[in-house]
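Participant: this one's sequence-less:
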């Protein structure tokens, strides 16, 4: 009862927080009305590249700087993404257009120019923010049938082609001029102006062609089509910008629609629906086979007129005295199950909140921050189910098992991130976690997550263990030789095919959003795919465990976890395939980043799906052995 009250208190706190949220476009996001002529802050975020996957702070290159650089506080999700938000020297005012304005003229050392050329060749893009909207470049203008398509940020420079003209194939040009287009919405329902669009068109303009008109910094171009080539003997660059305001009918509540618009919507919708239909169909067929076969077996076992030799036709009843024999390494199994419960709760609640719009891209880093928070809170349930599983396996040292549950998954994750951090620090990338952030994560782990696991374990171990419908023999039964397809490796690989078929198409779009600097916001589809994943993992594990028991192999505890987690093998292989076919990564540290985070994703998926399969198999085995009459 005490555990129930604790859970209810946590849920009540979440519901109160949700009810207090101010809801316009999405809960917790409120529009800001600007008066005409009011200053408008342009914030710089970072530089990103799909070729290296290593973000860098904006001012690590020699851009124009404000008089005093002020850091904007980031949340945990923003820090983990490599965002380092700071102010900029751009002077913008609401509805004040500027045809051409000099930002600064800077002299550079040769080392600074080499760094610029390197970043341009690596395909880096600059990320800005105005009123929470990221800067975007139009890559395809709107037509009568299709909306405009955008790319996040704008190119730092180009190689070989400048201002849509083919030049020297190996020449490097820097984009030192930006045309800023701000779209605004204004009507009678609110006072002032609301920002609904932020477009940037980057150009390369030779600094020698920039003419200063007056002391205010206004300028003009003698030959605007002449680009700024990065030559070895150049010494200075003039940075300029223009500002254009455009009235728009887009309401503030819909301003993110252009960013979230799909470039291949029809293919995506068809693929998702197709995979769901196939997964549901196959799951239904498997369920029908199991139900009909088991019904016949149980009816025959309970029929008193059946001859004894008929019972030898199938072997799952023959192992009734060993099927609930505690497995080896019960503490580790309980820790894996507890970690899976923690991940399951985190994924379910995070996707649900995101599906209802509480975790919007408008709230930067909210998805990662919410997932981290949910993971910590789910530690209570991880400890509870881990302790009950451990007690069911006749474990005695519950404190050791609970500590293993509290440290298994977080220790692996923290260890990998810590090792990757050394390489990020060496590269001076903003992907490296600051020391204070690592201390904060450790404080969350040891100050909140570990105590919650211990608290849940205390309540879980005090509960009675799960009761078994049959007694366990003192002497273990010998397991006969198994056919090749029921060997552990083969059964794991076979069991992972169907769940992977249900998720691999959605996995492609998730990987694209992660590594191609795009937004992912189809959480409704993701929620459906997650439910299908739960169903397919449960049913395929039940089928494989049933075949295993029929083969008189009663070592199903660990096998059920591994078989359901077999989908993670295919996810890793698919991620490797995506790396070699869709990405252009050649740098060692970038590849290490990709496969390091991919391993963490696969490990998380293994704990999640393994736990789903384990509990499905546990319920199934208890059900079938409680349905037959045994002497």
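Facilitator: Sure thing, it's come through. Not measured: the values here are computed from a predicted model.
Participant: what stretches of the chain score poorly on pLDDT?
Facilitator: 1-29, 142, 144-145, 162-169, 213-216, 223-225, 261-271, 274, 300-314, 629-631 (pLDDT under 70).
Participant: so residue 609 sits in a strand?
Facilitator: No - assessed with DSSP: H, G, I helix; E, B strand; the rest coil, residue 609 is helix; it does not lie in a strand.
Participant: what sits against it?
Facilitator: Contact partners of residue 609, counting by Cβ atoms under 8 Å, 6 or more residues apart in numbering, are 499, 533, 537, 564, 565, 567, 568. For the C-beta atoms, the positions are set from N, CA and C on the backbone; glycine is no exception.
Participant: distance of the residue found closest to the fifth one once you drop the neighbours it is linked to in the chain from residue 403?
Facilitator: Read that as residue 565. Take residue 565 and drop its neighbours on the chain: the residue closest to it by Cβ to Cβ, 6 or more residues apart in numbering is residue 610, 3.5 Å away. Per Cβ to Cβ, to the nearest Å, residue 610 is found 20 Å from residue 403.
Participant: and the two? Which one has more around it.
Facilitator: More crowded of residue 610 and residue 403, by other Cβ atoms under 10 Å: residue 610, with 28 against 17.
Participant: next one: that one from residue 568, what distance?
Facilitator: Residue 610 is 8 Å from residue 568, by Cβ to Cβ.
Participant: ditto for residue 444
Facilitator: For residue 444, the distance to residue 568 equals 26 Å [Cβ to Cβ].
Participant: compare the two and say which one has the larger neighbour count.
Facilitator: residue 568 (24 against 17).
Participant: what sits up against the helix or strand in which the more buried one is found?
Facilitator: According to DSSP states H and E, residue 568 maps onto helix 567-582. With Cβ under 8 Å, 6+ apart as the contact definition, helix 567-582 has outside contacts at 492-493, 495-497, 499-500, 503-504, 507-508, 511-512, 515-516, 533, 537, 585, 591, 594-595, 598-599, 601-603, 605-606, 609.
Participant: could you redo the last one with a cut-off of 6 Å?
Facilitator: Here helix 567-582 makes contact (Cβ atoms under 6 Å, 6 or more residues apart in numbering) with 496, 499, 500, 504, 511, 594, 598, 602, 605, 606, 609.
Participant: pull out the buried positions in it.
Facilitator: Using 16 or more other Cβ atoms under 10 Å as the test for burial, helix 567-582 gives 567, 568, 569, 570, 571, 572, 574, 575, 578, 579.
Participant: ok, stretch 103-112 next?
Facilitator: Residues of stretch 103-112 classed as buried: 103, 106, 108 (neighbour count, 16+ other Cβ under 10 Å).
Participant: list phi and psi for the last one.
Facilitator: So the one you mean is residue 108. Backbone geometry at residue 108, expressed as degrees, to the nearest 10, gives phi -130, psi 150.
Participant: ditto for the second one
Facilitator: With angles defined as degrees, to the nearest 10, residue 106 sits at phi -120, psi 140.
Participant: beta-bridge partners for it, please?
Facilitator: Beta bridges link residue 106 to residue 237 when assigned by DSSP bridges.
Participant: could you check the angle the host helix or strand of residue 508 makes with helix 567-582?
Facilitator: Secondary structure from DSSP H and E places residue 508 in helix 497-515. Going by axes from the mean of the first three to the mean of the last three Cα atoms, to 10 degrees, helix 497-515 is angled at 40 degrees with respect to helix 567-582.
Participant: return the list of helices and strands in contact with helix 497-515.
Facilitator: Helices and strands touching helix 497-515, by 3 or more Cβ pairs under 6 Å, 6 or more residues apart in numbering; DSSP states H and E, are helix 265-301, helix 523-550, helix 567-582.
Participant: now tabulate these in a markdown table and tack on distance to residue 623.
Facilitator: Converted to a markdown table, the helices and strands packed on helix 497-515 look like this (distance: least, Cβ to Cβ, whole Å):
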| stretch | distance to residue 623 |
| --- | --- |
| helix 265-301 | 9 |
| helix 523-550 | 10 |
| helix 567-582 | 24 |
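Participant: do you know which of those helices lies nearest residue 46?
Facilitator: Of all the helices and strands packed on helix 497-515, helix 567-582 sits nearest to residue 46, with 22.3 Å by Cβ to Cβ.
Participant: picking that back up, what sits against the residue nearest to residue 565?
Facilitator: For residue 610, the contact set (Cβ under 6 Å, 6+ apart) comprises 340, 561, 564, 565.
Participant: isn't the first one right up against residue 604?
Facilitator: Going back to what we said before, that points to residue 340. No - shown here, residue 340 and residue 604 do not form a contact pair, counting by Cβ atoms under 6 Å, at 9.4 Å.
Participant: so between the two, which is more surrounded?
Facilitator: Ranked by neighbour count (other Cβ under 10 Å), residue 340 and residue 604 place residue 340 first, with 28 against 19.
Participant: so that one, which of the three states?
Facilitator: Secondary structure for residue 340, judged by three-state DSSP, is helix.
Participant: same thing with residue 561?
Facilitator: Assigned with three-state DSSP, residue 561 falls in the helix class.
Participant: from memory it sits against residue 615, does it?
Facilitator: No - applying Cβ under 6 Å as the test, residue 561 and residue 615 come out as separate, 9.7 Å apart.
Participant: between the two, which is the more surrounded one?
Facilitator: Counted by other Cβ under 10 Å, residue 561 and residue 615 do not tie: residue 561 has more neighbours, with 27 against 21.
Participant: could you report the distance from the closest residue in space to the more buried one that isn't next to it in sequence to residue 339?
Facilitator: In space, and not counting its chain neighbours, residue 561 is closest to residue 610: 4.1 Å by Cβ to Cβ, 6+ apart. Distance of residue 610 to residue 339, given as Cβ to Cβ: 9 Å.
Participant: do the same with residue 279
Facilitator: From residue 279 to residue 339 the distance is 25 Å (Cβ to Cβ).
Participant: likewise residue 366?
Facilitator: For residue 366, the distance to residue 339 (Cβ to Cβ) stands at 24 Å.
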